[in-house]
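Enquirer: pasting a predicted model and its sequence here:
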Amino acid sequence: MVTEKTYQTMSGWTMLFVSIAGAVLALILLVVGATLQSPVLIIFALLLAIAVVISSIGLFTQQPNLARVMLLFGEYRGTVRDTGFFWANPFVIRKPISLRLRNLEGSLLKVNDKQGNPIEIAAVVVWRIEDSARATFQRRRLHDVRPRAKRVGSAPPGQLLRLRSRRGA
């Protein structure tokens, strides 16, 4: 069973500064290499520019009530829950998971008690994801969870119901 662990990220502002400095350095090396007609400087400038582009892919922003599950080559590495501007390994896949409250409203059901008095029953279920790793890897579909009703005992149909999940018995 996968449990949530914190993924360590770097400040996005630091890496943005490093990326911009690397891009400026690559441009300067490219101009100097072209001026001096030095293929070594031109190749180094192009390699530095490629490294800057790849490292800038790791920049991302994190909004409130959102978690990002980090996967490196298909293996779970951790979760980022903090808000802000971050940098992570550019080869990490970042799957967003919403942590906001969700509501599931059941329809109004009219039944009668033993004396024949009408009773109206409705349910509102409020839930939130607490473990984003489990929510990502151990679920079918987050929005496709529908409870099923099962008659319990020898009561007439529609009078005594027990809700169960699709996986449950």
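Expert: Arrived safely, thanks for sending.
Enquirer: gap between the residue most central in space within the chain and residue 60?
Expert: Geometric centre of the chain, nearest residue: residue 96, 2.3 Å, by C-alpha atoms, centre = their mean. From residue 96 across to residue 60, the span is 10 Å (C-beta to C-beta, to the nearest Å). Quick note: C-beta positions are derived from backbone N, CA and C, even for glycine.
Enquirer: identify the contacts common to these two.
Expert: residue 68 (C-beta atoms under 8 Å, 6 or more residues apart in numbering).
Enquirer: the residue nearest to the centre of the chain is in what secondary structure piece?
Expert: According to DSSP states H and E, residue 96 maps onto strand 92-98.
Enquirer: residue 42: how many residues sit nearby?
Expert: A count of neighbours around residue 42, defined by other C-beta atoms under 10 Å, yields 17.
Enquirer: now swap in the one 4 residues further on and tell me
Expert: Other residues near residue 46 come to 14 when the count uses other C-beta under 10 Å.
Enquirer: any idea which element it lies in?
Expert: Secondary structure assignment for residue 46, by DSSP H and E: helix 39-56.
Enquirer: how about that helix as CSV, C-alpha atoms only?
Expert: Taking Å, rounded to 0.1, in the frame of the first residue of the first chain, the C-alpha atoms of helix 39-56 are listed here in CSV:
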residue,chain,number,x,y,z
PRO,A,39,33.5,25.3,-32.8
VAL,A,40,34.3,24.3,-29.2
LEU,A,41,32.6,27.5,-27.8
ILE,A,42,29.6,27.2,-30.1
ILE,A,43,29.1,23.5,-29.2
PHE,A,44,29.4,24.3,-25.5
ALA,A,45,27.0,27.2,-25.9
LEU,A,46,24.4,25.0,-27.6
LEU,A,47,24.8,22.3,-24.9
LEU,A,48,24.4,24.9,-22.2
ALA,A,49,21.2,26.2,-24.0
ILE,A,50,19.8,22.7,-24.1
ALA,A,51,20.5,22.2,-20.4
VAL,A,52,18.8,25.5,-19.6
VAL,A,53,15.7,24.5,-21.6
ILE,A,54,15.5,21.1,-19.9
SER,A,55,16.0,22.5,-16.4
SER,A,56,13.3,25.2,-16.9
